[in-house]
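Q: Pasted the sequence and its predicted model underneath.
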Amino acid sequence: MSKFADLLGTVVSYFKIGTNGVRLKNSSGNLLIRNSTDSADSSVTASTINISSDNFVINSDAANTSADRSITIARPTSGMSASYTLTLPTSVGSPNQVLTTDGTTGNLSWVNAGGSTTDKVSTDTTNLAFGSTSPVSMFTLPANSVIQAVRVIVDTAFNGTPSLSIGISGTTSKYVATNQVDLTTIAIYEIYPGLTANGSSESLITTYSAGSASVGAARIEVDYVIPA
């Protein structure tokens, strides 16, 4: 019986599930999932699809003529230092918006494009020391501005357990959360908020907790533009 089963698996090029079910079909070593009449591919439903190769191909059977072309999404084959997840936005966005990432959890969101190359990038700098009184006033962000990046530059490492967040009154972590910066390590922390422009001006503040720090100094730089 086992020899017959081996022979059957070698001779038959497909396995049909049910009378009118899909066909699992061999095509030169590739698994095809076809409809019951073998006239078209069938869809696959699964909770997770794992792909072991570096490429994901859309329209893999493209004729490569006219508009019938394939698209390949590829993973970098070198240079990666960690795995990551990208989460798509909750909507399709608005015309001319672009995707941006929060730089931490991989959440993508739609933001207005930076505009033409004539858009001027402005940078504001705020100093922070271990003895600063919270909240630390930063500057007034003009109406319709988009914050491109926030850099926290730790020049002298803080001791203790200090923390900071950057935002506005009532939403103190709007642009930088406390877990995105480590004041006890000399480094440059660059955060990309990825938020759309606010129609009104905003008074930015740094909410700072000294955590018994007796040394430490940092600079906070905010790059922003008013899109043309």
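A: It's in. This structure is a prediction, so every number in the text was calculated from the model and none was measured.
Q: quick one, domains of this structure?
A: If you go by automatic domain parsing, the domain ranges for the chain are 2-74, 122-225.
Q: Just the CA atoms of the longest strand along the chain, as CSV, please.
A: The residue-count maximum for a strand in the chain (DSSP state E) belongs to strand 146-156. These are the backbone C-alpha positions of strand 146-156, laid out as CSV (Å, rounded to 0.1, in the frame of the first residue of the first chain):
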residue,chain,number,x,y,z
VAL,A,146,5.2,70.9,10.0
ILE,A,147,7.9,69.6,12.4
GLN,A,148,10.3,67.6,10.3
ALA,A,149,12.6,66.4,13.1
VAL,A,150,13.4,66.8,16.7
ARG,A,151,17.0,66.2,18.0
VAL,A,152,17.9,65.8,21.6
ILE,A,153,21.7,66.2,21.9
VAL,A,154,23.0,65.0,25.2
ASP,A,155,26.3,66.8,25.6
THR,A,156,26.9,65.8,29.3
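Q: Could you tell me which strands it is paired with, and in which direction each runs?
A: strand 188-191 (antiparallel), strand 217-225 (antiparallel) (DSSP bridges).
Q: I'd like the domains of the chain laid out as CSV, including distance to V98, mean pLDDT and mean neighbour count.
A: C-beta here means a position set from N, CA and C on the backbone, and glycine is covered the same way. As requested, the domains of the chain are exported to CSV (distance: least, C-beta to C-beta, whole Å; pLDDT from 0 to 100; neighbours: other C-beta atoms under 10 Å):
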stretch, distance to V98, mean pLDDT, mean neighbour count
domain 2-74, 18, 84, 10
domain 122-225, 10, 95, 17
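Q: Can you tell me which of the strands paired with strand 146-156 is nearest to T72?
A: Closest approach to T72 among these is made by strand 188-191 (30.6 Å; C-beta to C-beta).
Q: Now do the contacts for the residue positioned nearest the centre of the chain.
A: Closest residue to the average C-alpha location of the chain: G106 at 3.0 Å, with C-alpha atoms, centre = their mean. Residues counted as contacts of G106 (C-beta atoms under 8 Å, 6 or more residues apart in numbering) are Y84, T85, L86, T87.
Q: By neighbour count, which of those wins?
A: The residue in these with the most neighbours, by other C-beta atoms under 10 Å, is T87 (12 neighbours).
Q: What is the burial count for the residue nearest to that residue when sequence neighbours are not counted?
A: With sequence-adjacent residues excluded and distances taken as C-beta to C-beta, 6 or more residues apart in numbering, T87 is closest to N107, at 5.0 Å. Per other C-beta under 10 Å, the neighbour tally for N107 reads 15.
Q: Please report how far N107 lies from Y192.
A: Remark: distance between N107 and Y192 (C-beta to C-beta, to the nearest Å) = 11 Å.
Q: How about the backbone phi and psi for N179?
A: N179 adopts backbone torsions of phi -80, psi 0, taken as degrees, to the nearest 10.
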